[in-house]
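Trainee: Return a 3D structure for these sequence lines:
(one chain, ligands or ions: 2)
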Amino acid sequence: YHDDTCVSGRTVIVHLFDWKWTDIAAECERFLGPKGFCGVQVSPPNEHLVITSPHRPWYERYQPVSYKLESRSGTRGQFADMVKRCNAAQVRIYVDAVINHMSASGHGVGTGGSAYNTMNMSYAGVPYSALDFNYNCEINNYNDINQVRNCKLVGLQDLALSKRYVREKIADYLNDLISLGVAGFRVDACKHMWPGDIEAIYSLLQPLNITWFGPGTKPFVFNEVIDKGGGVISASEYTHLGRVTEFRFCDEVGKAFRRQFMLKNLRTIGEAWAMLPSDKALVFVDNHDNQRGHGGGGSTILTFHNPREYKMAVAFMLAHPYGFTRIMSSHVWNISHGQQDWMGPPSYDNDTTKTVTLDNEGQCLDGWVCEHRWPAIASMVKFRNVADGQPLENWFDNGFDQIAFSRGRNAFIAINNEVVGDLHRELPTGMATGSYCDVISGELVNGECTGQAVHVDQDGVALITISSLSNPPIPMTEEKPKK
Ligand code: LM2
Ligand code: CA
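Mentor: Residues are numbered from 1 along each chain as shown. Ligands and ions are numbered 1, 2, ... in the order given. Reported below is the predicted structural model:
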């Protein structure tokens, strides 16, 4: 479950939070494929609750009603078509799998028309009955391991994953997705499931579809475990089951770019900071939960609301060798942090999700933020691809908030996060002699840089200039011979 299943040379995935399947298919073809993305994390594709109070919150998708592929993002047919088109565009699909629980209170029908009734714990579309759930207790003490794993998380009916029938129903769901061509899973709420139960479910999985993957290929799995140290359940209990989310990374990178500690310290971020081993960690600057104060959120998390710091933080993450990286692509909510944290995706009057539209510059409109299309972020995806496997070298810092480093001889980045204080220095870049384009301030067009050009001399040294006022973009350089 550790092999990322990316098409070779691709290293970054993007979470297209709440996007419709038809839009994701188009995005694979027109942007993600050409720009070198490995894949997309998609929102839960299974049937879910329809919540009307508050009105259609994003989180209704974390309340499953069945494993039919009928959701707010579209139909089974649309999902299957997306997976095919994305695979054809060299872009993989990773499904957000909600398998710890079903919905919370009430009764009615889900987005696929299946009946559910939480009074007698029946979910006709699976089917599950009261026999398939754990004891009717609530999690209120996170120091009690049994409670965290066997009781209800915020009132959500907790599945009895020790039961063979339940394991098989979940495996059937995941195998259905595998047969359609998905490449792996982001598994929700793993802290609330026993590692042994998860292992038993994964052991029932088929290899990936041979139309797109080699025979016997296992799905790539990243298990979501919120562990910032000090709790009774640790992320390392899950590393034999695939990669595991590293939430300490969000906090530390957020603090650094908010100037709560100096950037120069970031050089060693990773294992040396008690984080997971690099080849076991899934890292990100923010996710759909912590960007709005849910699931491990807090005032240190950087989001699109702080675009300057956010771009630097994402660029740093993509340039630094630690972990497997995921980029967030959000939808806006109206008011500042902490309020309207429940807002669903941009929607038409009939509550269907809006189609993603683009302006002349290729930036998104209508409440879709599309951080992954911001030039500073998109170009760093290519940087990570060319830097893959190369060591961090040629480190520079000014003792404070200016840093620079290379990835072997393939790529070089400089970041200036000083409040006042331009970076203007000759720095070793590790790069071969020649002229290069800074891919943050521009790109290579017809043999010329539309942004800053950087000249590397015969000793590998270049004069690097970044004003502390630059916003956007954050100038920096990457391998890209000007010719
Ligand atoms: C996750 N990871 O472990 C997801 O990333 C996260 O988004 C999910 O919570 C959570 N686990 C369960 O899958 C979200 C959201 C919650 C929301 C739940 C269920 O962060 O706020 O809870 O989905 O939709 C909501 C209400 C909560 C209520 C609950 C049940 O906010 O107050 O609890 O529904 O009605 C009584
Ligand atoms: Ca559980």
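Trainee: Show me which residues of the stretch 201-350 of the chain sit near ligand 2.
Mentor: By Cβ under 5 Å from the ion, no part of the stretch 201-350 of the chain sits against ligand 2. No exception for glycine: its C-beta is placed from N, CA and C like everyone else's.
Trainee: Now the residue of the stretch 201-350 of the chain found nearest ligand 1. Nearest residue, chain neighbours left out?
Mentor: Going by Cβ to the nearest ligand atom, ligand 1 is nearest to His294 of the stretch 201-350 of the chain, at 3.8 Å. Closest residue to His294 apart from its sequence neighbours, by Cβ to Cβ, 6 or more residues apart in numbering: Asp341 at 6.6 Å.
Trainee: Which helix or strand contains the residue of the stretch 201-350 of the chain closest to ligand 1?
Mentor: Counting by DSSP states H and E, no helix or strand carries His294.
Trainee: show me what contacts the residue nearest to Cys437 when sequence neighbours are not counted?
Mentor: Nearest residue to Cys437 in three dimensions, chain neighbours excluded: Cys449, at 3.7 Å (Cβ to Cβ, 6+ apart). Cys449 sits next to 436-438, 442-443, 482 when contact means Cβ atoms under 8 Å, 6 or more residues apart in numbering.
Trainee: go on, Val283?
Mentor: Contacts for Val283 were tallied using Cβ under 8 Å, 6+ apart; they are 246, 249, 317, 322-326.
Trainee: for the residues you listed, which one is nearest ligand 2?
Mentor: Top of the list for closeness to ligand 2, among the contacts of Val283 and by Cβ to the ion, is Glu246 at 21.9 Å.
Trainee: where does the stretch 151-300 of the chain come near ligand 1, residue by residue?
Mentor: 153-156, 188-189, 224, 289, 294-295 (Cβ under 6 Å from any ligand atom).
Trainee: Of those, which count as buried by neighbour count?
Mentor: 153, 156, 188-189, 224, 289, 295 (16 or more other Cβ atoms under 10 Å).
Trainee: what helices or strands is the top helix by length along the chain leaning on?
Mentor: For the chain, the helix with the greatest residue count under DSSP state H is helix 164-180. Judged by 3 or more Cβ pairs under 8 Å, 6 or more residues apart in numbering; DSSP states H and E, the packing partners of helix 164-180 are helix 76-88, strand 92-97, helix 195-202.
Trainee: Could you say which of these is packed most deeply?
Mentor: strand 92-97 (a mean of 26; mean count of other Cβ atoms under 10 Å).
Trainee: Give me the mean pLDDT for the helix or strand just after that strand.
Mentor: Sequence order places strand 107-109 as the next helix or strand after strand 92-97, per DSSP H and E. The average pLDDT within strand 107-109 is 97.
Trainee: Parallel or antiparallel, list what pairs with strand 107-109.
Mentor: Looking at strand 107-109 with DSSP bridges, its partner strands are strand 115-117 (antiparallel).
Trainee: what comes into contact with the next helix or strand after the strand it pairs with?
Mentor: As assigned by DSSP H and E, the chain's next helix or strand after strand 115-117 is strand 122-123. Strand 122-123 is contacted from outside by 64-66, 102, 114-116, 128-130, using Cβ under 8 Å, 6+ apart.
Trainee: Am I right that Leu427 falls within a helix?
Mentor: No: read with DSSP: H, G, I helix; E, B strand; the rest coil, Leu427 is strand and lies in no helix.
Trainee: what's the neighbour count on it?
Mentor: Per other Cβ atoms under 10 Å, the neighbour tally for Leu427 reads 20.
Trainee: what's the answer for Tyr67, then?
Mentor: 24.
Trainee: what do you get for Gln390?
Mentor: Using other Cβ under 10 Å, Gln390 has 15 other residues around it.
Trainee: Please tell me the pLDDT value assigned to the residue most central in space within the chain.
Mentor: The centroid of the chain falls nearest to Arg326 when counting by Cα atoms, centre = their mean (3.7 Å). As predicted, Arg326 sits at a pLDDT of 98.
Trainee: mind listing what it touches?
Mentor: Counted by Cβ under 8 Å, 6+ apart, Arg326 has contacts 12-15, 41, 282-284, 287.
Trainee: Just to be sure, it is in a strand?
Mentor: Yes: counting by three-state DSSP, Arg326 is located in a strand.
Trainee: Pairing partners for it in the sheet, please.
Mentor: Applying DSSP bridges, one finds that Arg326 bridges with Ile13.
Trainee: hang on, the earlier thing: pLDDT averaged over the longest helix of the chain - what is it?
Mentor: In this model, helix 164-180 has a mean pLDDT of 98.
Trainee: which one of the buried ones among the residues of the stretch 151-300 of the chain next to ligand 1 is nearest Val356?
Mentor: For those, the residue nearest Val356 by Cβ to Cβ is Asp289; the value is 21.7 Å.
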